[in-house]
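**Q** Provided below for reference: sequence and predicted model.
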Amino acid sequence: MKRSLGLLALLGGLLTTTLAQQKPAAESDTLRINTALVTLSVGITDKQGQPLTNLKQADFVLYEDGQLQELDFFGAEDQPISFGLLIDRSQSMGDTGKLENAKAVLQAFLRAGNPQNEAFCLAFNETAGVVMDFTSEYARMAKPLSRLWAEGGTAFYDALNAGLEHLQRGKHRRRALIVVTDGGDQHSRLRLDALLKRVQQSNTQIYIIGFFSSLEAAAYQTDDKKIELMGGQFVDNPRLVFKTLAAETGAETFFPKNAAELADTITRIAASLRRQYTLAYYPANQERDDRYRRLEVRVRNVSPPQIKTRQGYRLTEPFDPAAEVGSSTETASTKPAETAVFTLTPREPAETPVPPLYRETFDQPSSQWPQTEKTYVKKGKYYVHGAAVIPLPPFQYKDFELTVNAALAGEVLPPGSIGATELSVMGLSFRVNPHGYYELSLAPFPGRHMGMFTLSKVANGQSTILRRADREPVIGLSNQIKVRCRGPQIELFINGLLVASLKDETHQAGAISLLFNGKAATFDDLTIRRLD
């Protein structure tokens, strides 16, 4: 079967509470099995707004639903924190330099914190994915952040839920999310009421920076719960949503008007996190139910203190987002027909991974792969020159996950040479059968930290583009490509970032081939796992 339609198409155009197995040794020698430990970060200021930093455990009184609770842990020093940076990369964030300013201040925020902190970064538009997993080496975030490009819509609720889920892998008791976004939610599957419930199940402070344009700020400056967009769609008023989420978690929300105010905002958040007390207790009522438990913190001998902490929590079972999805707008007709599902790479596998169905490291010159002048194995890589379609060994794959590294090799075109006929294209086709196939093609722009990709479907000789991005910032000259297929669901990852998620039932099973069209490229570390 001739398979070049997709290549030509491309070239032509992501606590409530924590379960404590026992108290830390420094706190108590008492063993508590399967007991809920509730953690609060508490900020205290005087009536002039100055932080009070010399308080002791005896100064604090904590109530849950009016019942006095015994504090089991107290921290007054700058406790380390696990936090996530969530950055909106929707199309509107490209206006007036908002995205570039956001990237700069987030890197400044990282440098201002406790060196024992750990952070991850998640970028979102209609989908979300982890740009950088947990690290304390913050210089590593600079390059992936620089590759982010503004495009697409906004699924803020889904992204916040994904950030909360990823933050559960953090190693520190204190946790926070810092979000920079510029608009209302238009594309989430998760409803606002379900998100609020999820927030109440978490011990995470949520700081939200609404970086609006002057027109956006004017439109949202109302007490109305719903805002009508120019296209007639009603969305939740983001200003009210941000304030609700921040207040519920004992954090703050900010609305800077320019880059200078944005820089000042991020400095204030960093200072706020460093000047908080940590309180933790085992609730007297350990019954796991869905009711909301209201918290009240009082401080002795300070009049009148300004106290900022969680308003309450829910001691419930793990949150199931699949049971809570729905339209967050006025009418179901405004809900997109297809919405991405978050799939984030685990920091550490929760269980032993499924053994590979097929693995090729290309470390043996006698590999069964074609060995010609233009295709050959050398030092752990498979070299391809010119245009080629290389079928994998004749297996038929239905539900699977494929990962492979692909990189341009040898001489590359000089910067600026991005004419359509000069681009090199790498990728793969999958579920290849007598009726057609799917094809993913990537084309890096030489000299620029971006590229384009196309996912197309060929059926009965006709090619249809399913997903396309003309300026995708995560594409480089070297890329890790991952395709995950389960039934009609297809997910595409490039360098760890989910770039496309869709459903298509045209092809359910078939073979796989690697593709290249250009001067030279290498493929390595090919792994295929079966998804049952």
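**A** Good, I have the coordinates. Numbers count the residues shown, from 1 in each chain.
**Q** state the distance from the residue nearest to Ile494 when sequence neighbours are not counted to Met452.
**A** Here the nearest residue to Ile494 in space, its sequence neighbours aside, is Val474; by Cβ to Cβ, 6 or more residues apart in numbering that works out to 5.0 Å. For glycine as for every other residue, the C-beta is placed from the backbone atoms N, C-alpha and C. Counting by Cβ to Cβ, to the nearest Å, the gap from Val474 to Met452 is 12 Å.
**Q** neighbour count winner among these two?
**A** Each of Val474 and Met452 has its neighbours counted (other Cβ atoms under 10 Å); Val474 has more, 26 against 22.
**Q** correct me, but the more buried one touches Ala500?
**A** No: the criterion here is Cβ atoms under 8 Å, and Val474 misses it with Ala500 at 11.7 Å.
**Q** which residues touch the helix or strand containing Thr278?
**A** For Thr278, the host element (DSSP states H and E) is strand 276-281. Residues outside strand 276-281 that contact it (Cβ atoms under 8 Å, 6 or more residues apart in numbering): 37-44, 55, 60, 62, 69-76, 79, 173-174, 297.
**Q** tell me the strands beside that strand, with direction?
**A** Neighbouring strands of strand 276-281 in its sheet, by DSSP bridges, are strand 35-45 (antiparallel), strand 73-75 (antiparallel).
**Q** any idea which of the ones you listed gets closest to Thr135?
**A** strand 35-45 (21.8 Å; Cβ to Cβ).
**Q** so where's the stretch 401-532 of the chain uncertain?
**A** 410-422, 447-449, 532 (pLDDT under 70).
**Q** for it, which segments count as strands?
**A** Ranges of strands in the stretch 401-532 of the chain, per DSSP state E, counting those that start in this stretch, are 425-433, 436-444, 451-459, 462-472, 478-486, 489-494, 497-503, 511-530.
**Q** between strand 462-472 and the third one, find me the angle.
**A** This points to strand 451-459. Angle between the axes of strand 451-459 and strand 462-472 is 170 degrees (criterion: axes from the mean of the first three to the mean of the last three Cα atoms, to 10 degrees).
**Q** one more: the last one?
**A** Following the same axes, to 10 degrees, one obtains 60 degrees for the angle between strand 511-530 and strand 462-472.
**Q** shaky segments in the stretch 201-350 of the chain?
**A** 229-232, 317-350.
**Q** residues touching Pro51, list them.
**A** Gly43, Ile44, Thr45, Arg275.
**Q** return a PyMOL selection command for the buried portion of the residues you listed.
**A** Remark: buried members of the contacts of Pro51, expressed as a PyMOL selection using 16 or more other Cβ atoms under 10 Å:
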select buried, resi 43+44+45
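**Q** can I get the contacts of Pro51 in a markdown table with distance to Val179?
**A** Converted to a markdown table, those look like this (distance: Cβ to Cβ, whole Å):
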| residue | distance to Val179 |
| --- | --- |
| Gly43 | 18 |
| Ile44 | 24 |
| Thr45 | 23 |
| Arg275 | 21 |
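**Q** between the contacts of Pro51, which is closest to Ser92?
**A** The closest of those, once distances to Ser92 are taken by Cβ to Cβ, is Gly43, at 31.8 Å.
**Q** mind checking pLDDT for the closest one?
**A** Looking at Gly43, its pLDDT reads 92.
**Q** same question, the one 5 residues further on
**A** With respect to pLDDT, Gln48 scores 80.
**Q** specify the local secondary structure of it.
**A** At Gln48 the chain is in coil, as set by DSSP: H, G, I helix; E, B strand; the rest coil.
**Q** how near is it to Pro305?
**A** Taking Cβ to Cβ, one finds Gln48 at 12 Å from Pro305.
**Q** so which of these two has more stuff around it?
**A** Pro305 (17 against 6).
**Q** partners of the nearest residue to that one once chain neighbours are set aside in the sheet?
**A** Spatial nearest neighbour of Pro305, chain neighbours left out: Val299 (4.6 Å); criterion: Cβ to Cβ, 6+ apart. Beta bridges link Val299 to Phe60 when assigned by DSSP bridges.
**Q** look up how far Ala511 lies from Val299.
**A** From Val299 to Ala511 the distance is 68 Å (Cβ to Cβ).
**Q** and if you look at Val131?
**A** 33 Å.
**Q** okay, the two: which has more neighbours?
**A** Val131 (25 against 17).
**Q** the nearest residue to Ser478 once chain neighbours are set aside: neighbour count?
**A** Among residues not flanking Ser478 along the chain, Ala407 sits closest, at 3.7 Å (Cβ to Cβ, 6+ apart). Using other Cβ under 10 Å, Ala407 has 17 neighbouring residues.
**Q** distance of Ala407 from Arg174?
**A** 40 Å.
**Q** and Gln79, by the same measure?
**A** Distance from Gln79 to Arg174, by Cβ to Cβ: 5 Å.
**Q** neighbour-wise, which of the two wins?
**A** Neighbours were counted for Gln79 and for Arg174 using other Cβ under 10 Å; Arg174 has more, 22 against 18.
**Q** test my guess that that one contacts Asp78.
**A** No: taking contacts as Cβ under 8 Å, Arg174 lies outside contact range of Asp78: 10.0 Å.
**Q** in this structure, where's the longest helix?
**A** Ranked by residue count and defined by DSSP state H, the top helix of the chain is helix 259-274.
**Q** just how off-centre is that helix within its chain?
**A** Distance, stretch centre to chain centre, for helix 259-274: 22 Å (Cα atoms, centre = their mean, to the nearest Å).
**Q** what of stretch 60-69?
**A** 36 Å.
**Q** which stretches of the stretch 251-400 of the chain form strands?
**A** 253-254, 276-281, 292-299, 306-308, 312-314, 358-360, 375-378, 381-391, 400-408.
**Q** okay, those strands in JSON lines with distance to Leu240 next?
**A** Output for the strands of the stretch 251-400 of the chain, formatted as JSON lines (distance: least, Cβ to Cβ, whole Å):
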{"stretch": "strand 253-254", "distance to Leu240": "10"}
{"stretch": "strand 276-281", "distance to Leu240": "25"}
{"stretch": "strand 292-299", "distance to Leu240": "19"}
{"stretch": "strand 306-308", "distance to Leu240": "19"}
{"stretch": "strand 312-314", "distance to Leu240": "19"}
{"stretch": "strand 358-360", "distance to Leu240": "52"}
{"stretch": "strand 375-378", "distance to Leu240": "59"}
{"stretch": "strand 381-391", "distance to Leu240": "54"}
{"stretch": "strand 400-408", "distance to Leu240": "41"}
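**Q** ranking those strands by burial, who's on top?
**A** Stretch with highest mean neighbour count among the strands of the stretch 251-400 of the chain: strand 276-281 (a mean of 22; mean count of other Cβ atoms under 10 Å).
**Q** now do that one against strand 292-299, angle only.
**A** Going by the same axes, to 10 degrees, strand 276-281 makes 130 degrees with strand 292-299.
**Q** change the start of the numbering to 46 and stick with it
**A** Renumbered: residue one is now 46, and that last one reads strand 321-326.
**Q** need the CA coordinates for strand 321-326. CSV is fine.
**A** Written as CSV, here are the backbone C-alpha positions of strand 321-326 (Å, rounded to 0.1, in the frame of the first residue of the first chain):
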residue,chain,number,x,y,z
GLN,A,321,3.1,30.7,57.0
TYR,A,322,2.6,28.4,59.9
THR,A,323,1.8,24.7,59.4
LEU,A,324,-0.8,23.1,61.6
ALA,A,325,-1.9,19.5,61.4
TYR,A,326,-4.3,17.4,63.5
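**Q** distance of the residue of the chain most remote from its centre from Asp91?
**A** The C-alpha centroid of the chain is most remote from Asn346, which lies 43.4 Å away (Cα atoms, centre = their mean). In this view, Asn346 and Asp91 are 12 Å apart by Cβ to Cβ.
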